[in-house]
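A.B. asks: for reference, the sequence and a predicted model appear below.
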Amino acid sequence: MSGWLAETAEDTGDRLVIMHGISSRVMLGVMTGAAVDPILGAPVAKGLPQGSVTLVESGRATVPHLGTGFAPA
């Protein structure tokens, strides 16, 4: 995920990334500078219910829509 972010860092415009479970938590963790989980060896953000929308701007995440799906991964 860090590789994709680095490869697209110079691209202009917004991005819509649709992900599930732990991969979305790691991507969000990388983008917001979350602490590295000692078991996974990667930054992991807090989980959100399915259907949530997270907006990341300048390393800061906001949740404009909190889903009502099953509990986070």
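C.D. replies: Noted; the coordinates are in hand. Residues are numbered from 1 along each chain as shown.

A.B. asks: for Gly67, grab the count of nearby residues.
C.D. replies: When neighbours are counted by other C-beta atoms under 10 Å, Gly67 registers 13. Bear in mind the C-beta positions are built from the backbone N, C-alpha and C, glycine included.

A.B. asks: so which residue is dead centre in the chain?
C.D. replies: Leu28 (2.0 Å; C-alpha atoms, centre = their mean).

A.B. asks: send the alpha carbons of the one helix or strand that residue maps to over as CSV?
C.D. replies: Per DSSP states H and E, Leu28 falls inside helix 21-32. The C-alpha trace of helix 21-32 is given here as CSV (Å, rounded to 0.1, in the frame of the first residue of the first chain):
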residue,chain,number,x,y,z
GLY,A,21,-11.4,-5.2,6.2
ILE,A,22,-7.8,-5.1,7.4
SER,A,23,-6.5,-3.8,4.1
SER,A,24,-8.6,-0.6,4.5
ARG,A,25,-7.4,-0.3,8.1
VAL,A,26,-3.7,-0.6,7.0
MET,A,27,-4.1,1.9,4.1
LEU,A,28,-5.8,4.4,6.4
GLY,A,29,-3.0,3.7,9.0
VAL,A,30,-0.3,4.4,6.4
MET,A,31,-2.0,7.6,5.2
THR,A,32,-2.6,9.0,8.7
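
A.B. asks: going on from that helix, what's the next piece of helix or strand?
C.D. replies: Using DSSP H and E, the first helix or strand after helix 21-32 is strand 36-37.

A.B. asks: helices or strands up against that next one?
C.D. replies: If contacts are counted by 3 or more C-beta pairs under 8 Å, 6 or more residues apart in numbering; DSSP states H and E, strand 36-37 sits against strand 42-43.

A.B. asks: ok so, going back, for the residue nearest to the centre of the chain, what are its contacts?
C.D. replies: Residues near Leu28 by C-beta atoms under 8 Å, 6 or more residues apart in numbering: Ala34, Ala45, Thr54, Val56, Ala61.
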